[in-house]
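S.K.: the following block contains a protein sequence and its predicted model.
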Amino acid sequence: MDMTYYDHGAPAERWERAQMFFDAKDYAAAARVLGGLVEEVPEQTGPRLLLARSYYHSAQLRRAEAELRVLVERDPVEHYARLMLGRTLERQGRHEEAGSHLRIASALAGDFEQV
């Protein structure tokens, strides 16, 4: 197997590497690290959410949407995933669809004035 820098090391090491790339605003590199990590531990929310955020910030909106939909399907009350899904849909010009997710996120966060 041909290992690259992005998929080298234990899952914890790759998680730290991905966070460093994300913090340095190298979102595409963070996504490369996280893609393999999410495949390896698909049940974990943290890596998938950071992958979605990396896709969002690197304008890979369809990929961000796909990851966020997995999170929302798995945990419908995950308010940050709902918020990110709404914003991702907004950036794609899908405002009506985004609105429902943003309202749910506001309600889950306790911000009933926005609902």
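M.R.: Ah, there it is.
S.K.: and Ala81, what element?
M.R.: helix 79-91 (DSSP states H and E).
S.K.: now for the helix or strand just after that helix, which elements pack on it?
M.R.: Reading on from helix 79-91 to the C-terminus, the next helix or strand found by DSSP H and E is helix 95-108. The helices and strands touching helix 95-108, judged by 3 or more CB pairs under 8 Å, 6 or more residues apart in numbering; DSSP states H and E, are helix 79-91. The way it works is simple: take the backbone N, C-alpha and C, and place the C-beta from them, glycine included.
S.K.: the helix it packs on vs helix 95-108, what angle?
M.R.: If you take axes from the mean of the first three to the mean of the last three CA atoms, to 10 degrees, helix 79-91 sits at 160 degrees to helix 95-108.
S.K.: pLDDT of helix 79-91, averaged?
M.R.: Averaged over helix 79-91, pLDDT sits at 96.
S.K.: how far away from the center of its chain is it?
M.R.: Here helix 79-91 is found 9 Å from its chain centre; the criterion is CA atoms, centre = their mean, to the nearest Å.
S.K.: stretch 89-109 now?
M.R.: 15 Å.
S.K.: mind exporting the C-alpha coordinates of that stretch to PDB?
M.R.: Taking Å, rounded to 0.1, in the frame of the first residue of the first chain, the C-alpha atoms of stretch 89-109 are listed here in PDB:
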ATOM      1  CA  LEU A  89     -27.500  24.800   1.200                       C
ATOM      2  CA  GLU A  90     -27.600  28.600   1.400                       C
ATOM      3  CA  ARG A  91     -24.300  28.900  -0.300                       C
ATOM      4  CA  GLN A  92     -25.600  26.700  -3.100                       C
ATOM      5  CA  GLY A  93     -28.600  29.000  -3.600                       C
ATOM      6  CA  ARG A  94     -31.100  26.500  -2.100                       C
ATOM      7  CA  HIS A  95     -32.600  29.000   0.400                       C
ATOM      8  CA  GLU A  96     -36.000  27.300   0.900                       C
ATOM      9  CA  GLU A  97     -34.400  24.000   1.800                       C
ATOM     10  CA  ALA A  98     -31.800  25.700   3.900                       C
ATOM     11  CA  GLY A  99     -34.500  27.600   5.900                       C
ATOM     12  CA  SER A 100     -36.000  24.500   7.500                       C
ATOM     13  CA  HIS A 101     -32.600  23.300   8.700                       C
ATOM     14  CA  LEU A 102     -31.700  26.700  10.000                       C
ATOM     15  CA  ARG A 103     -35.000  27.000  11.900                       C
ATOM     16  CA  ILE A 104     -34.500  23.500  13.400                       C
ATOM     17  CA  ALA A 105     -30.900  24.500  14.400                       C
ATOM     18  CA  SER A 106     -32.100  27.600  16.100                       C
ATOM     19  CA  ALA A 107     -34.800  25.800  18.000                       C
ATOM     20  CA  LEU A 108     -32.300  23.100  19.100                       C
ATOM     21  CA  ALA A 109     -29.900  25.800  20.300                       C
END
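S.K.: fine, thanks again, bye for now.
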